[in-house]
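Colleague: coordinates only, no sequence provided:
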């Protein structure tokens, strides 16, 4: 695959237009909400818990009844940093709590109302709060897996970087893996096309906020996946990130989900036999 810098602008735009890869984006996004809404009645939960002082600094938390020390799956939604909400992001809650895993879905201020650096900071504070201050909500996890889809995978990857963890007093042993789906890890091409109309990144900011330039601790295990119907550019992003992590020593599992698109790949969590669910549980259960 040729370097993106050699592409005509129209091709760059096409490669990074995830919505154009599906015939009906509205139905894809509606599927998130329809699968998530019943979780609030079927599974004990805390809604709109504040992890900070901002109006968007909330999360939805699904503890495991009677197991405050249960491991935790943290999910960060996608939407190209400008769309979606925790109410679209808890479809997996019952599946995981049934298997002894608590679930948290994060909210953050959407672009362009916040810079990407600010959004990353919000997610850092949310995870620090979950690991240190969520005991009143029945969650005191000894280990957590960070996960995200699309832009959420970018944010999860930024949270796997060791430096911020030390700054926020997060113990290195508290994070036991990352599940990253159809993510963006090199923001330089993103800075050159339509998403930058709401991100407003400079070249320097795109570089500073690229997970490809700041990798996880070498011992952190990762599950990096793409959908069969992702564009070549999204697949390249994930392959390059997986290769860089593997080169520094990370245990990396790579998977291309057959018959899945950029949006429904994450719904495989609803199937306990799926590669995604099995791999996530494998990371959580490792000591």
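Modeller: Sure thing, it's come through. Just so you know, these numbers come straight off a predicted model, no measurement behind them. Numbering: from 1, shown residues only.
Colleague: only C-alpha atoms for contact and neighbour calcs from this point on.
Modeller: Fine.
Colleague: how distant is the helix or strand hosting residue 165 from the center of its chain?
Modeller: With secondary structure defined by DSSP states H and E, residue 165 is part of helix 162-167. For helix 162-167, the separation from the chain centroid amounts to 18 Å (computed by CA atoms, centre = their mean, to the nearest Å).
Colleague: next structured bit after it?
Modeller: strand 175-181.
Colleague: neighbouring strands for that next one, and are they parallel or not?
Modeller: strand 144-149 (parallel), strand 222-227 (parallel) (DSSP bridges).
Colleague: next, format those strands as CSV and append mean neighbour count and mean pLDDT.
Modeller: Output for the strands paired with strand 175-181, formatted as CSV (neighbours: other CA atoms under 10 Å; pLDDT from 0 to 100):
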stretch, mean neighbour count, mean pLDDT
strand 144-149, 26, 98
strand 222-227, 25, 98
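Colleague: could you export these as a markdown table, including distance to residue 281?
Modeller: As requested, the strands paired with strand 175-181 are exported to a markdown table (distance: least, CA to CA, whole Å):
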| stretch | distance to residue 281 |
| --- | --- |
| strand 144-149 | 9 |
| strand 222-227 | 11 |
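Colleague: and these: which comes nearest residue 190?
Modeller: strand 144-149 (16.2 Å; CA to CA).
Colleague: now the element after the closest one, going C-ward?
Modeller: helix 151-159.
Colleague: who are the packing partners of that following helix?
Modeller: Judged by 3 or more CA pairs under 8 Å, 6 or more residues apart in numbering; DSSP states H and E, helix 151-159 is in contact with strand 72-76, helix 116-133, strand 144-149, strand 175-181.
Colleague: show me where the stretch 1-150 of the chain has strands.
Modeller: In the stretch 1-150 of the chain, strands defined by DSSP state E, counting those that start in this stretch lie at 46-50, 58-62, 72-76, 102-106, 144-149, listed in chain order.
Colleague: so for residue 259, which of those sits nearest?
Modeller: Evaluated over the strands of the stretch 1-150 of the chain, closeness to residue 259 peaks at strand 144-149, with 16.7 Å, by CA to CA.
Colleague: which residues does residue 105 contact?
Modeller: 59, 60, 61, 74, 75, 76, 77, 86, 89, 90 (CA atoms under 8 Å, 6 or more residues apart in numbering).
Colleague: partner residues bridging it?
Modeller: The partner residues for residue 105, given DSSP bridges, come to residue 60, residue 75.
Colleague: how many neighbours does the residue lying closest to residue 169 once chain neighbours are set aside have?
Modeller: Spatial nearest neighbour of residue 169, chain neighbours left out: residue 128 (7.6 Å); criterion: CA to CA, 6 or more residues apart in numbering. Neighbourhood size, residue 128 [other CA atoms under 10 Å]: 19.
Colleague: with residue 164 instead?
Modeller: So residue 164, with other CA under 10 Å, has 16 neighbours.
Colleague: kindly report the same for residue 212.
Modeller: The number of residues packed near residue 212 is 24, by other CA under 10 Å.
Colleague: was I right about it contacting residue 188?
Modeller: No. Counting by CA atoms under 8 Å, residue 212 sits too far from residue 188 to count as a contact (10.6 Å).
Colleague: coming back round to it: reformat the helices and strands packed on helix 151-159 as a markdown table; add distance to residue 256.
Modeller: Shown next, in a markdown table, are the helices and strands packed on helix 151-159 (distance: least, CA to CA, whole Å):
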| stretch | distance to residue 256 |
| --- | --- |
| strand 72-76 | 20 |
| helix 116-133 | 27 |
| strand 144-149 | 14 |
| strand 175-181 | 10 |
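Colleague: closest one to residue 198 among those?
Modeller: Nearest to residue 198, of these and by CA to CA, is helix 116-133 at 9.7 Å.
Colleague: all set, thanks.
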